[in-house]
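>>> Need a 3D model of the following:
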Amino acid sequence: QVQLVESGGGLVQAGGSLRLSCAASGRTFNTYAMGWFRQAPGKEREFVAAIGWSGGATFYADSVKGRFTISRDNARNTAYLQMNSLKPEDTAVYYCAARSGGIRTLQREYAYWGQGTQVTVSS
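Alright, predicted model coming up:
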């Protein structure tokens, strides 16, 4: 069992940056792939980025590639999402998720979810 808690969301102007954190409980964090998803108002939740258990493999949605960076610190049981060059269309609730095995882009592949953190980008 893994419990996830996101933090770091907030209000930022377009072009700005935010770093989201996802703190995980449990002693097996380093066996889980981690993903970030987001849900904008009136839209379905969508994949943003994922990272393998060792941090060696990453994958990004085309919409954030080159602007967002996913990383993890297994010693701290924490995953991160560094978001640069933010746009108003990045406004959403951001969720982190964990799964056993390799990275995936489908939310149904993830067993554990955080409660989400709001990111609002003003124009």
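>>> Okay, strands next: where are they in the protein?
With DSSP state E as the definition, the chain shows strands at residue ranges 4-7, 10-13, 18-24, 32-39, 46-51, 58-60, 68-73, 78-83, 92-100, 112-113, 117-122.
>>> Now find how far off-centre the first one is within its chain.
A distance of 10 Å separates the C-alpha centroid of strand 4-7 from that of its chain, computed with CA atoms, centre = their mean, to the nearest Å.
>>> Renumber starting at 44 from here on
From this message on, residue numbering opens at 44, which makes the last subject strand 47-50.
>>> Buried residues, that strand. List them.
Neighbour counts using 16 or more other CB atoms under 10 Å place L47, E49 of strand 47-50 among the buried residues. For the C-beta atoms, the positions are set from N, CA and C on the backbone; glycine is no exception.
>>> what pairs with it, and is each one parallel or antiparallel?
Strand pairing for strand 47-50, determined by DSSP bridges: strand 61-67 (antiparallel).
>>> One more: the second one?
Taking DSSP bridges as the criterion, strand 53-56 forms sheet pairs with strand 160-165 (parallel).
>>> how far off strand 75-82 does the strand it pairs with point, in degrees?
Per axes from the mean of the first three to the mean of the last three CA atoms, to 10 degrees, the angle that strand 160-165 makes with strand 75-82 is 50 degrees.
>>> Please save the CA atoms from strand 160-165 in CSV.
Extracted in CSV, the C-alpha atoms of strand 160-165 (Å, rounded to 0.1, in the frame of the first residue of the first chain):
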residue,chain,number,x,y,z
THR,A,160,-3.0,20.0,-6.1
GLN,A,161,-4.4,23.0,-7.9
VAL,A,162,-2.2,24.8,-10.5
THR,A,163,-3.6,28.0,-11.9
VAL,A,164,-1.7,29.9,-14.6
SER,A,165,-2.9,33.5,-15.3
